[in-house]
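Enquirer: Model the following, please.
(one chain, ligands or ions: 4)
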Amino acid sequence: MQLRTLLAPILLKRVMGPDAVDIVKITADSRQVTTGSLFIALKGHTVDGHDFVRKAVEQGAVAVVTETEFANLPVTQVVVKNTRDVIPILSSVFYRHPSKSMKVIGVTGTNGKTTVTHLIDKILMDQGHLTGLIGTIKKRIGREEFDVQNTTPEALDLQETFHRMREIGTVYTVMEVSSHALELKRVAGTEFRTAVFTNLTQDHLDFHGSMEEYRNAKGKFFARLGNTYGDTPDESRFAVINADDPSAPFFLQQTTAQTITYGIDQPADVRATQLRIEAGGASFRLESFAGSVDIRLQMTGKFSVYNALAAAAAALCEGVPLAAIRLSLESVSGVDGRFERVDVGQNFTVLVDYAHTPDSLENVLKTIREFAKGSVYTVVGCGGDRDRTKRPLMARIAVEYSDVAVLTSDNPRTEDPELILDDMEAGLASVTSRRYVRLTDRTDAIRWAIARAKAHDIVLIAGKGHETYQIIGSTKYHYDDREVAAKAIRGEL
Ligand SMILES: CC(=O)N[C@H]1[C@@H](OP(=O)(O)OP(=O)(O)OC[C@H]2O[C@@H](n3ccc(=O)[nH]c3=O)[C@H](O)[C@@H]2O)O[C@H](CO)[C@@H](O)[C@@H]1O[C@H](C)C(=O)N[C@@H](C)C(=O)N[C@H](CCC(=O)O)C(=O)O
Ligand SMILES: Nc1ncnc2c1ncn2[C@@H]1O[C@H](COP(=O)(O)OP(=O)(O)OP(=O)(O)O)[C@@H](O)[C@H]1O
Ligand SMILES: N[C@H](CCC[C@H](N)C(=O)O)C(=O)O
Ligand SMILES: [Mg+2]
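Expert: Ligands and ions are numbered 1, 2, ... in the order given. Okay, here's the model as predicted:
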């Protein structure tokens, strides 16, 4: 595509050099530059892409987009105020607005995004649609699965993904939209059909600064949804909101799209009544404008009912019959690394779960407490280079709801694991129960809990879920809680 065509929608720019240049690739990573590339310099959290402009040119970039002017560059330079602002526009133009060719359903919220996207995807696939999925665990284009670096990819990666999905005729794409993505404009340039809100509780305050900023980042997603009212159902836009979340009024107020609420405690368009939470699943009656149906999920916990309601509400917006929604929801045995049982024939329960926020940990432990017959052991750590303020809260929740909490490491990254544990322990000063141990090495922690578990006890290993790594410093080591737990149970550690 010609540079001139790419730049057309960007009005505030200074172009130095010819714009009749053919661009074969766009990238913001100098290491990915090949001949004919357009390199966009992005100021990151660790380095500044402007430092790699000359390297990009040496490697074959035929044009660069920057925020500052470079002297003596042998290629066309485009200077803009903010390169992060223009990346989504350039990406979307380059791939010819692929998100407009499909229905994109985005799910945001502190907890439950991955689960809800998987449920919506299952319902739509069961309807015979070709779907795509983008989120924390993986990216799926048709039947092909790919590893991911982020929950929501950067704009270029995202638009290229949509482009590949469009090429194979994808009808629906269901994706997680993280607050980082909203703040960093990764989904600008994407046209959403539906925005789903799960809940808002504390996380990522390191990045957003305050709960208000964090909420505002998520609010943007609803604010930009659907100011257009088309003639056909395909042009409709929907906001699916959790009526029980205290932030519901805020999110409802943000949008001009058609709204549909779901909930358990508050009145809602899609509501669960007659809840029964058991060890093997949760059952409830779903009541809605489309009728009522009894549903028996294989996933347990009140939070799983919320996730199912969110998915059902999004599916109702697509005209999926309630009976079909029920069949699809009932067929899901669980999501990778979420409340996943490790069973190698032992007489106690081992659960691996991705709870890495205070609210998710509390939800999961409350659920476990509802059916625990023996003692509850919780192995948990907090990520390094992430929100420090959630650490004492998570430790406190772990100790309050467990018979014994085992505080350990979870991706310390560039922080000292002992200091992360100190932050966690600081939350225990006012807790009367002191039944916890501190074992920095995660394998020691898992082995310790499993060695003590007796018949009917429950060992919860929280925080890493599907992750198959432990990041220490900047090295990513292979690490899988499920593998380690199985070995510990078999006495192989
Ligand atoms: C804070 C954050 O979001 N960081 C993201 C960001 O990294 P960064 O700002 O550090 O980038 P950088 O390394 O400073 O590089 C700046 C620029 O220079 C370029 N560069 C760099 C080196 C070089 O040799 N040449 C070069 O051109 C880079 O390509 C980049 O364009 O850009 C990277 C490339 O796209 C992302 O992978 C990275 O996500 C990191 C891995 C991350 O951990 N992000 C988390 C916080 C995150 O985004 N999480 C949310 C989910 C959270 C949740 O809901 O729980 C997510 O959506 O994943
Ligand atoms: N609706 C919910 N409310 C509260 N906690 C939940 C909910 N759904 C799941 N959880 C808990 O949160 C954990 C993470 O769930 P999930 O992966 O679906 O969320 P996520 O929003 O995608 O997380 P991430 O931000 O890391 O991508 C689960 O393992 C479970 O402990
Ligand atoms: N998307 C989340 C994942 C956290 C998972 C946990 N294991 C950790 O490393 O803190 C984040 O990047 O904050
Ligand atoms: Mg997720």
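Enquirer: CA only for contacts and neighbour counts going forward, please
Expert: Will do.
Enquirer: Looking at this protein, which helix is longest?
Expert: The longest helix of the chain (DSSP state H) is helix 302-317.
Enquirer: And the contacts of that one?
Expert: 112, 115-117, 119-120, 123-124, 194, 196, 198, 238, 240-242, 260-264, 270-272, 277, 282, 284, 286, 322, 325, 329, 363, 367 (C-alpha atoms under 8 Å, 6 or more residues apart in numbering).
Enquirer: Now, the residues you listed that are in helices?
Expert: If you go by DSSP H, those have Thr115, Val116, Thr117, Leu119, Ile120, Ile123, Leu124, Leu322, Ile325, Leu329, Asn363, Thr367 in helices.
Enquirer: show me the contacts for the second one.
Expert: Going by C-alpha under 8 Å, 6+ apart, Val116 touches Val107, Asn307, Ala308, Ala310, Ala311.
Enquirer: hmm, try it at 7 Å
Expert: Applying C-alpha atoms under 7 Å, 6 or more residues apart in numbering to Val116 gives the contacts Asn307, Ala308, Ala310, Ala311.
Enquirer: Take those residues and lay them out in CSV including neighbour count and distance to Glu69.
Expert: As requested, these are exported to CSV (neighbours: other C-alpha atoms under 10 Å; distance: C-alpha to C-alpha, whole Å):
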residue, neighbour count, distance to Glu69
Asn307, 26, 49
Ala308, 27, 52
Ala310, 31, 48
Ala311, 27, 48
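Enquirer: out of those residues, who's nearest ligand 2?
Expert: Distance to ligand 2 across the contacts of Val116 (C-alpha to the nearest ligand atom) is lowest for Asn307, with 5.2 Å.
Enquirer: Okay, that closest one and Ala223: tell me how far apart.
Expert: Going from Asn307 to Ala223 by C-alpha to C-alpha, to the nearest Å gives 23 Å.
Enquirer: Kindly report the same for Pro233.
Expert: Between Pro233 and Ala223 the computed distance is 20 Å (C-alpha to C-alpha).
Enquirer: How about Ile241?
Expert: 13 Å.
Enquirer: Looking at those two, which one has more neighbours?
Expert: Applying other C-alpha atoms under 10 Å to Ile241 and Ala223 shows that Ile241 carries more neighbours, namely 28 against 18.
Enquirer: Could you pull up the contacting residues of the more buried one?
Expert: Contacts for Ile241 (C-alpha under 7 Å, 6+ apart) come out as Val196, Phe197, Thr198, Ala248, Ile260, Thr261, Tyr262.
Enquirer: redo that, cut-off 8 Å
Expert: Contacts for Ile241 (C-alpha under 8 Å, 6+ apart) come out as Val196, Phe197, Thr198, Ala248, Phe251, Leu252, Thr259, Ile260, Thr261, Tyr262, Ala310.
Enquirer: just the residues you listed now: which is nearest Arg482?
Expert: Thr198 (27.0 Å; C-alpha to C-alpha).
Enquirer: Please name the nearest non-neighbouring residue to that closest one.
Expert: Nearest residue to Thr198 in three dimensions, chain neighbours excluded: Gly109, at 4.8 Å (C-alpha to C-alpha, 6 or more residues apart in numbering).
Enquirer: so Ala449 touches Asp403, yeah?
Expert: No. Using C-alpha atoms under 8 Å as the test, Ala449 is too far from Asp403 to be in contact (11.0 Å).
Enquirer: These two: which has the busier surroundings?
Expert: Higher neighbour count among Ala449 and Asp403: Ala449, with 24 against 17, using other C-alpha under 10 Å.
Enquirer: For the closest residue in space to that one that isn't next to it in sequence, what are phi and psi?
Expert: Excluding its sequence neighbours, the residue lying closest to Ala449 (C-alpha to C-alpha, 6+ apart) is Tyr377, at 6.3 Å. Tyr377 adopts backbone torsions of phi -110, psi 130, taken as degrees, to the nearest 10.
Enquirer: Show me what the helix or strand bottoming out on mean pLDDT in the chain is in contact with.
Expert: Taking mean pLDDT, DSSP states H and E as the measure, the chain has helix 205-208 as its least confident helix or strand, at a mean of 77. Under the contact criterion C-alpha under 8 Å, 6+ apart, helix 205-208 has outside partners His180, Met211, Tyr214, Arg386, Asp387, Arg388, Thr389.
Enquirer: Recalculate using a threshold of 6 Å.
Expert: Outside helix 205-208, the residues that touch it by C-alpha atoms under 6 Å, 6 or more residues apart in numbering are Tyr214, Asp387.
Enquirer: Much appreciated, bye for now.
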